[in-house]
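Student: sequence-free structure coming up:
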C-alpha cells in the first residue's frame, strides 16, 4: 500500500441490506421496457456512461491487467402479468406429470387411482406453508396430503383383507415413513425442480405442502415474478454437458423478447471467447494481437478453486461452490457473460464482458443487481451466504468509483484487516 499511488481496497456489501438507488431502478425498468418492446433503442443515452463504468482497470502504470474488476451485475426479475388461473392450471399439470414419474419409478403403485393435483393462490400469512426467509409465496398445493390419504386407504383395505395380520396397528402407523405427506412433498419438489415444467418459480416442500415461490422480490398472486432457479444437467451452448443453473425470465409472459440467465461452471466456450474479443477491442481498445485464447483461458477460465457439488443439506447452494460463468441470452443471442466465484459466505464478482451493441441496456449495472439478488435468493439453500464482493475499490480512479453506488458497502482496512462501516469509508 505504501508503494502505490492508487491504493486498492476490497469492497463488499451485505446483500440483505442492499437498497437500490433511483438510477439502479431505472436500469432495471429499462431492461423491462426493452423486453416488452417499448424501449426506443435508437436513443442510447447510457452508451458513454456504461463504457466508462464498465469493468476496467485504473490506467496508472502501477496497476496491471490483473486488477480488472467486475462491475455491475444483477437485477430483480421483471414481473409477469399472466392471469393467476392460467398459472395454477399449468402448475397442476406439472405436478400430475411429477406424480406420473413417481409411478414409473415405482414410488407409488400403478394400480391405484391417484387424485389429480389442484393448485391455489398462496399467501404469506399462511405461516405453516412458508420456508423461513422466503416470503413471496405465490401458489401452493396440498396434493401430498391427498396422495398420502389415498395410499393410507389402500393399505387399510389391504389390512381388512388380511385380517389379523395387521392387528393392533392403525392404518396411519402402517404408512411407511417415505410415504408421509412430508416425504411425498419433498419427492415431488425434487422431481419438479429437475424439469422445465415450473419455469418462473422456485419449488419448495414445507410440512407436506408443495409451495411455488416467485423469485422476484415483491411478487404477488396476481403479478407473478418470472424467474426460477432450476438445477439440472443440460447442454451448454456449445453442446458439452455441464451442470448449470438456469434462470428463465419472461418465458411464460407476453413479452416480445425472452431473457435467459444461465449459470454454469467455468469452461472455455468459443462463443464466449468471441464476445470477449469484441468487447476488449471496442470497449477497451485492446491490440488484436494481445487477445488470444490462451490469455482468455488464463484470465477468466482457469481457476484454483475446487468445485464442491451441492449436498442437499442446506450447506451448499444447488449450483455448488467454485468458479462460474453466468451468461445472459436474449432471444438466443449471447449478450453478456459474468465471471464469478461462489463461496460459502459470498458471491465474488470478478469480471463482466458484454456485447457493445447492447451498451444502451447498461448490462454492467443490470448484472450487478442480478448477482446481488442471487445471493439473497440462495440464502434459502445456504444460510451462510451473505455478502456480495465487487473486487477492489480505488478511490483515486474515476473508472472504479462506480462501486460506491452499491450501498451500504464496506471497505477492508489493509492494516487491521477489519471492514470499515460505510460512515467511515471514502463515500460515507
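Tutor: Yes, it's here. Keep in mind it's a predicted model, so treat the numbers as computed, not measured. Numbers count the residues shown, from 1 in each chain.

Student: The longest strand along the chain pairs with which strands?
Tutor: Looking across the chain with DSSP state E, the single longest strand is strand 333-343. Here strand 333-343 is paired, per DSSP bridges, with strand 322-330 (antiparallel), strand 346-354 (antiparallel).

Student: For it, buried residues please.
Tutor: Under the neighbour-count criterion of 16 or more other C-beta atoms under 10 Å, strand 333-343 has 334-343 buried. Where you see a C-beta, it was placed from the backbone N, CA and C, and this is true even at glycine.

Student: ok, which stretches of the stretch 151-300 of the chain are strands?
Tutor: Ranges of strands within the stretch 151-300 of the chain are 201-206, 209-214, 229-235, 241-249, 259-265, based on DSSP state E, counting those that start in this stretch.

Student: which of those has the lowest average pLDDT?
Tutor: Least confidently modelled of these is strand 229-235, at a mean of 39 by mean pLDDT.

Student: Now stretch 372-384: buried residues?
Tutor: 372-382.

Student: Going by distance to residue 28, which of those wins?
Tutor: Checking those against residue 28 by C-beta to C-beta gives residue 373 as the nearest, at 10.1 Å.

Student: can you state the direction angle for the one helix or strand the closest one maps to and strand 209-214?
Tutor: Here residue 373 sits within helix 363-378, counting by DSSP states H and E. Angle, helix 363-378 to strand 209-214, by axes from the mean of the first three to the mean of the last three C-alpha atoms, to 10 degrees: 160 degrees.

Student: could you give the angle of helix 363-378 to strand 259-265?
Tutor: Going by the same axes, to 10 degrees, helix 363-378 is angled at 70 degrees with respect to strand 259-265.

Student: next SSE after helix 363-378?
Tutor: Downstream of helix 363-378, the first helix or strand assigned by DSSP H and E is strand 387-393.

Student: following that next one, which helix or strand shows up next?
Tutor: Counting by DSSP H and E, the next helix or strand C-terminal to strand 387-393 is strand 409-412.

Student: contacting residues around the next helix or strand after that following strand?
Tutor: Using DSSP H and E, the helix or strand that follows strand 409-412 towards the C-terminus is strand 419-420. The set of residues external to strand 419-420 that reach it, using C-beta atoms under 8 Å, 6 or more residues apart in numbering, is 12, 410-413.

Student: what's the answer for stretch 320-327, then?
Tutor: Residues contacting stretch 320-327 (C-beta under 8 Å, 6+ apart): 73, 237, 243, 261-267, 269, 272, 300, 303, 305-310, 334, 336-344, 367, 370-371.

Student: What residues of stretch 268-280 count as buried?
Tutor: Result for stretch 268-280 [16+ other C-beta under 10 Å]: buried residues 269, 272-273, 275-280.

Student: should've said stretch 311-325
Tutor: For stretch 311-325, burial by neighbour count (16+ other C-beta under 10 Å) applies to 316-325.

Student: what do you get for stretch 388-399?
Tutor: Going by neighbour count (16+ other C-beta under 10 Å), the buried part of stretch 388-399 is 388-395, 397, 399.

Student: Between its first and last residues, how far does that stretch reach?
Tutor: End-to-end span of stretch 388-399 (C-alpha to C-alpha, to the nearest Å): 20 Å.

Student: In CSV, list the buried residues of stretch 388-399 along with pLDDT and distance to residue 292.
Tutor: Output for the buried residues of stretch 388-399, formatted as CSV (pLDDT from 0 to 100; distance: C-beta to C-beta, whole Å):
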residue, pLDDT, distance to residue 292
388, 97, 31
389, 96, 28
390, 91, 28
391, 88, 23
392, 87, 25
393, 86, 30
394, 84, 27
395, 79, 33
397, 78, 27
399, 71, 24
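
Student: Just the closest of the residues you listed to residue 257, please.
Tutor: Distances from residue 257 to the buried residues of stretch 388-399, taken by C-beta to C-beta, are shortest for residue 388, at 27.1 Å.

Student: Excluding residues flanking it in the chain, which one is nearest residue 411?
Tutor: Excluding the flanking residues, the one nearest residue 411 by C-beta to C-beta, 6 or more residues apart in numbering is residue 9, at 4.3 Å.

Student: What residues does that neighbour make contact with?
Tutor: By C-beta under 8 Å, 6+ apart, residue 9 lies in contact with 392-395, 411-412, 414.

Student: now, which of the residues you listed sits nearest residue 87?
Tutor: residue 393 (42.5 Å).

Student: Quick check, the closest one in contact with residue 400.
Tutor: Yes. With contacts counted by C-beta atoms under 8 Å, residue 393 reaches residue 400, the gap being 6.3 Å.

Student: for the helix holding residue 373, what is the average pLDDT?
Tutor: Rounded mean pLDDT across helix 363-378 is 94.
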